[in-house]
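# generate a structure from the sequence data that follows.
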Amino acid sequence: MNKLVIGCDVGIANTAFACVKFGDSKISIIDTKLVKTDSNLSTGERLCLIKNAFSWFIKDNYKADFVAIENVFFAKNKTSAMQTAKVIGVLELTAYENTKEVSIISPASVKTAVGMKPNTNKDGMFFAVATAVEDIGNTTNNHEVDAIAVAIAGHSKE
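Numbers count the residues shown, from 1 in each chain. Below is the predicted model of the structure:
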């Protein structure tokens with residue numbers, strides 16, 4: 001049975017979405033979208049741009065069965081982590097408004113789902129995702145690749 005999962009790689013500056021189809025024996029990328037926000041905009045304006053793009057992606061384009069959102073990776077920059085947490089909240093609310101089941105996935109779970117060790121850096125993510133999916137196509141942006149990995153992790157968690 002085919003299942004569509006939306007994966008989200010979150011950040012206030014760059015947020016990526018990926019719609020991934022899981023078939024009987026293959027994983028296919030349906031579409032990806034990268035939303036870049038201008039740092040000169042207010043946080044509210046940036047969140048609104050992300051919300052509108054995500055709403056368009058899940059409501060008007062892809063009727064996914066499930067939404068997976070990568071959780072905040074807490075590092076030394078608390079301000080960045082708080083901004084990312086706001087994006088997660090906006091995406092989660094938007095998914096629920098569109099009656100989508102949502103799961104928040106840890107960064108370590110995302111890496112594990114595509115065959116990487118949790119403490120591995122991001123350099124190997126493209127190769128791991130390219131190995132997992134049928135055809136990665138023209139997807140070269142790290143954020144979009146990460147969103148695909150989040151979808152894979154979400155599907156395996158479901």
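# can we go C-alpha only for contacts and neighbour counts from here?
OK.
# elements contacting the lowest-mean-pLDDT helix or strand in the chain?
In the chain, no helix or strand scores lower on mean pLDDT, DSSP states H and E than helix 125-132, which sits at a mean of 84. Judged by 3 or more Cα pairs under 8 Å, 6 or more residues apart in numbering; DSSP states H and E, the packing partners of helix 125-132 are helix 142-157.
# what packs against the helix it packs on?
For helix 142-157, the packing partners by 3+ Cα pairs under 8 Å, 6+ apart are strand 3-9, strand 14-22, strand 27-36, strand 66-70, strand 101-105, helix 107-113, helix 125-132.
# quick one, that helix and strand 3-9 angle?
130 degrees (axes from the mean of the first three to the mean of the last three Cα atoms, to 10 degrees).
# how far away from the center of its chain is helix 142-157?
Relative to the chain's own centre, helix 142-157 is displaced by 6 Å; criterion: Cα atoms, centre = their mean, to the nearest Å.
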